[in-house]
Structures are given as structure tokens and as C-alpha cells.
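Undergrad: quick one, structure for this:
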Amino acid sequence: ILSRLGEFTLLRVLDLEDCTGLTNKHMSCICRMYLLRFLSLRGTDVKVMPSRIGDLEHLQMLDVRQTQLKDLPKSVTKLEKLEHLLFFDQGDSGWMLPQGINKMKALRQLKKAAVVFDAKVAEEIGALGQLQELAIFVDTGKKMNNGVVKKLASSLSKMYSLRWLDIGNLDAGKWPFAPIMEFLHDIEPPPQLLRYLRICGHMDRLPDWVESLHDLVELQLRWTHVDGFQLFNVLCKLPNLKRLFLGIYFIHGKHMVVHSSQHFRELKELILGYTPSSCDVYEFEEGSMPNVERLVVYFGDQTKKIVGIEHFK
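TA: Alright, predicted model coming up:
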């Protein structure tokens, strides 16, 4: 079928997921299928996306996850009808967002993207008012400035439809740890409809606005280094929180305590990730998490202590 791709000029849907043999040379044929609405190249060996992808003006879905792509051409911003853009590169960055992203107002799902050194791009993201799911990361290299992250915070405060947010720092695991994600405190108002939130990167404390996310069902934290008492004081106020994943270096200090006064009524699943040379003791006071049904603790090669496990049902 790959040898005949050039014949299918009237296709509306093309799903080539896990198709072996698909290479860059086939992309020129695909970019002439001007009526395409759905295109999946997931799991293929494509390494370069031609700039002519921008000619597919009717495209609504573009899935290029698990390919060899490192980036996407700027011409993607011409796809003004695109609703779903799924891009995960082989590294830790994502699609480096270009100027002109504000033209893609139909986007409802964008995973994953990166903002690098460009305050205008960070500002343009605020025009994507239909976004419901967003995975975005900031580059905190030497050229990073407060203007970029302040614009990004302002843009996130305009995303009233957002239900799913994965946000982090590309250098989250690199020493020395700096509170790069502090700009999240400036999101005002926060996206009130969030059901899923993942934060990856250092901050001194969890943003206070998190406790206003009454629809939040799942929260994940990695490399955050937040104060443990403040963390659980905020999270216990979430009436619908059912799943909590606390990953590597999620708190500052060696002893984690969930107090009886910090009552998690709806929490069903608690996962404590591997924390090397960090937290040594996990303590749960009576009544703190009475309805947890699944507790997972990753010890790795470390010696850890769990206090109060008898308080789980």
C-alpha cells in the first residue's frame, strides 16, 4: 500500500500507526492528500516532517507520537482547523512552539509542547481558548527570563476550558535545583475545570490556588521540593481528589507526615515514587486517609520506614 500512497488523493482518514517501512520519502505523497482530516503516523520511523504539512488545511487530528521526529515545521501553525496535535519526541522537550501558534484557535488537545526563550510565543498561547488538554514545558537555560514565564502564567489564566494540564521544567532533574516553577503562583485565576494536574519542577510551596480546584481528580508531583505540611494542608481541601502520585523529590525534608487534621475523604489511591537520599519516613496519622484502597511505595535500593500503615483499611 505504501507504494501506492500517491494514488489516494481523496482520502479523509489515514491511520498508519506502527506501519513498518514508512519513511520520509512517503511524506511528500501524504502532504498532497489535501482532504485529510485525520492523520496518524504514530510508531513509525518518520524523522522529518515536510513544511508542506501546512497545506493540509482540513486536518483536524495529527498524531506523531513515538516517531523519530525531533520537531515540527513552523508551517504547522497554518493548520487552523487542527483540534488534536499529539507529539512526543524521543527526548524530554517536545514541539518547540513557534510564533504564530495563536492562529491555531481550534486546538483542543496539545501534547507536548515547549516554550523556549520567546515571550511572544508564551503570550500567544493565551489565544488558544478551546484547549482542554495541554502538556507544556519551559526551558530554563541561561537565556530564560522572567518575562517568558510571566507571559506563560498570564496565558494559562485565560484557559477557561482546560481539564488536563501537564506542566514542567525541561531541566527539572538537573543540579542545582532552582525554584523555576514559582511562576505558577502568578496564575490568576487558575483553570477551574481541571481534573488532572501534573507539575514537574522545583518550587518552594504548592500554589494556594490548587485548593480551589474542586473538580480535580488526579494530581502528580515530581521534583517539586515543596514543604510537606503546606502540601497536605492544601490537598486535603480538594473534595474530589481520588489519585495522588508523589514522585521523586516531591517534598523537602526527610520525614513526611500526613496529620489527622489533614483529612482526605475521597482519596482512593496513593503512590509514593522513588525518592533517593530524600524522604526516609512516611507517616500517616489516624484518620488522615481513611478510604485509601491502594497504597504503592517504591523503595528502590533505599531503606524507608512507613509509620501508621495500620490506619489504612
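Undergrad: strands of the stretch 1-150 of the chain, residue ranges please.
TA: Taking DSSP state E, counting those that start in this stretch as the criterion, the stretch 1-150 of the chain contains strands spanning 13-15, 38-40, 61-63, 84-86, 95-96, 109-115, 133-138.
Undergrad: the shortest one packs against which elements?
TA: For strand 95-96, the packing partners by 3 or more CB pairs under 8 Å, 6 or more residues apart in numbering; DSSP states H and E come out as strand 109-115. Yep, even glycine has a C-beta here, placed from its N, CA and C like the rest.
Undergrad: off-centre distance for the strand it packs on?
TA: Relative to its chain's centre, strand 109-115 lies at 8 Å (CA atoms, centre = their mean, to the nearest Å).
Undergrad: which strands and helices lie in contact with it?
TA: Here strand 109-115 touches strand 84-86, strand 95-96, strand 133-138, going by 3+ CB pairs under 8 Å, 6+ apart.
Undergrad: how does it look with 10 Å?
TA: For strand 109-115, the elements it packs on are strand 84-86, strand 95-96, helix 119-124, strand 133-138, helix 146-156, strand 164-169, judged by 3 or more CB pairs under 10 Å, 6 or more residues apart in numbering; DSSP states H and E.
Undergrad: make TSV from these and add mean neighbour count, distance to Phe232 and mean pLDDT to it.
TA: Listed next are the helices and strands packed on strand 109-115 as TSV, based on neighbours: other CB atoms under 10 Å; distance: least, CB to CB, whole Å; pLDDT from 0 to 100:
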stretch	mean neighbour count	distance to Phe232	mean pLDDT
strand 84-86	19	34	97
strand 95-96	20	35	88
helix 119-124	20	31	94
strand 133-138	22	26	93
helix 146-156	19	24	91
strand 164-169	21	21	94
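Undergrad: and the helices in this structure?
TA: Here the chain has its helices, by DSSP state H, at 24-30, 119-124, 146-156, 228-235.
Undergrad: need those helices in a markdown table (columns: distance to Val210).
TA: Listed next are these as a markdown table, based on distance: least, CB to CB, whole Å:
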| stretch | distance to Val210 |
| --- | --- |
| helix 24-30 | 42 |
| helix 119-124 | 21 |
| helix 146-156 | 13 |
| helix 228-235 | 5 |
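Undergrad: out of those helices, the one nearest Ser75 is which?
TA: For Ser75, the closest of the helices of the chain is helix 24-30, at 12.8 Å, according to CB to CB.
Undergrad: got the buried residues for that closest one?
TA: Going by neighbour count (16 or more other CB atoms under 10 Å), the buried part of helix 24-30 is His26, Met27, Cys29, Ile30.
Undergrad: CSV please, covering the helices and strands packed on strand 109-115 and showing distance to Thr20.
TA: CSV is the format used below for the helices and strands packed on strand 109-115 (distance: least, CB to CB, whole Å):
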stretch, distance to Thr20
strand 84-86, 20
strand 95-96, 25
helix 119-124, 36
strand 133-138, 28
helix 146-156, 39
strand 164-169, 30
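Undergrad: closest one to Leu107 among those?
TA: With CB to CB as the criterion, Leu107 lies closest to strand 84-86 of these, at 6.5 Å.
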